[in-house]
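**Q** have a look at this prediction, sequence included:
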Amino acid sequence: MPAPATSAEGEQPYVYPDMVREYILRMIPPDGQVIGSIGCGYAPTESVLVDQGREVHGVDLSPHAIEIAKTRLTSARVVSPDEGMPFERASLDGLILADVIEHLPMAWNRMKLFAEMVKPGGWVVISVPNMRYCEALCTLIGGEWPEQPMGIFDETHLQVMTHRRLLRWCEGAGLRLDRWFDAYHYSFIKRNICRVVNLGSFRLLRGFMVFQVMGRFRRV
């Protein structure tokens with residue numbers, strides 16, 4: 001994993017790595033030419049879509065990350081934390097919310113605004129940390145919840161995310177579930193143990209075995 005980049009003087013360091021996230025790419029369907037990405041960071045994942053010939057517009061809070069994203073995307077700009085609708089209504093064929101909404105206060109209301117930016121029939125792909133993941137649940141049962149720079153225990157998380165909660169938010173925003181995706185822990189041993197248990201239970205234990213809650217939704 002690359003070391004965090006050094007940001008400009010006075011700016012908070014951007015701790016998230018510059019790497020393509022394959023688990024996000026596999027959620028993105030073949031349809032959709034104009035795509036928005038909220039919290040794009042350096043935009044390495046989104047740049048793959050640009051290479052495919054799609055038009056991708058990114059926004060992020062970090063000026064440092066956006067300077068790099070501008071070289072990779074159709075457009076990229078800095079937004080303020082309270083900018084509820086960074087793209088115009090019904091202007092997008094697809095929207096990427098990759099590990100973003102767990103950082104937002106009252107994110108269920110923001111989801112309604114985000115959904116309005118997508119055309120009817122368009123898609124929204126969402127990834128959030130799974131707070132029911134077995135390792136996180138064991139930590140909580142033990143009476144602790146650590147603060148870490150990234151991951152499930154990211155110190156900037158404001159929301160406790162589960163499959164059911166995300167589904168409720170999306171349905172309230174006029175988004176219909178297309179399908180769930182499974183993403184397991186990056187550790188080889190943990191990843192394969194959780195995969196076997198999840199598949200062996202016919203995904204009845206998905207809520208405890210997957211590292212991320214990941215879904216693709218369609219605007220009704």
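**A** Looks like it arrived, so ask away.
**Q** contact partners for Pro81?
**A** By C-beta atoms under 8 Å, 6 or more residues apart in numbering, the contact set of Pro81 is Leu61. The C-beta positions use only the backbone N, C-alpha and C, and glycine is treated the same way.
**Q** max-length helix in the protein?
**A** Secondary structure assigned by DSSP state H gives helix 188-200 as the longest helix of the chain.
**Q** quick check: Thr74 touching Asp51?
**A** No: using C-beta atoms under 8 Å, Thr74 is not in contact with Asp51; the gap is 11.8 Å.
**Q** please save the CA atoms from the longest helix of the chain in PDB.
**A** Taking C-alpha atoms only, helix 188-200 is exported to PDB below (Å, rounded to 0.1, in the frame of the first residue of the first chain):
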ATOM      1  CA  PHE A 188      -5.600 -14.100   2.700                       C
ATOM      2  CA  ILE A 189      -6.600 -16.200   5.700                       C
ATOM      3  CA  LYS A 190      -9.500 -14.100   6.900                       C
ATOM      4  CA  ARG A 191     -10.700 -13.600   3.400                       C
ATOM      5  CA  ASN A 192     -11.000 -17.200   2.600                       C
ATOM      6  CA  ILE A 193     -12.400 -18.300   5.900                       C
ATOM      7  CA  CYS A 194     -15.200 -15.700   5.600                       C
ATOM      8  CA  ARG A 195     -15.800 -16.600   2.000                       C
ATOM      9  CA  VAL A 196     -16.300 -20.300   2.800                       C
ATOM     10  CA  VAL A 197     -18.600 -19.500   5.800                       C
ATOM     11  CA  ASN A 198     -20.600 -17.100   3.700                       C
ATOM     12  CA  LEU A 199     -21.100 -19.400   0.700                       C
ATOM     13  CA  GLY A 200     -21.500 -22.400   2.900                       C
END
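**Q** buried ones in that helix?
**A** By neighbour count on 16 or more other C-beta atoms under 10 Å, the buried set for helix 188-200 is Lys190, Cys194, Asn198.
**Q** following element in sequence after it, please.
**A** Sequence order places helix 206-209 as the next helix or strand after helix 188-200, per DSSP states H and E.
**Q** which neighbours in the sheet does whichever helix or strand comes after that following helix have, and how are they oriented?
**A** Using DSSP H and E, the helix or strand that follows helix 206-209 in sequence is strand 212-219. Using DSSP bridges, the strands paired with strand 212-219 are strand 118-129 (antiparallel), strand 175-181 (antiparallel).
**Q** buried stuff in the shortest one?
**A** So the one you mean is strand 175-181. Residues of strand 175-181 classed as buried: Leu175, Trp180, Phe181 (neighbour count, 16+ other C-beta under 10 Å).
**Q** same question for the longest one.
**A** In terms of neighbour count (16+ other C-beta under 10 Å), strand 118-129 has its buried residues at Val118, Gly122, Trp123, Val124, Val125, Ile126, Ser127, Val128, Pro129.
**Q** need the residues that contact the very next helix or strand once past that strand.
**A** Downstream of strand 118-129, the next assigned helix or strand under DSSP H and E is helix 134-141. Helix 134-141 has contacts (C-beta under 8 Å, 6+ apart) with Pro129, Asn130, Met131, Trp145, Pro146, Ile152, Phe153, His185, Lys190, Cys194, Phe208, Met209.
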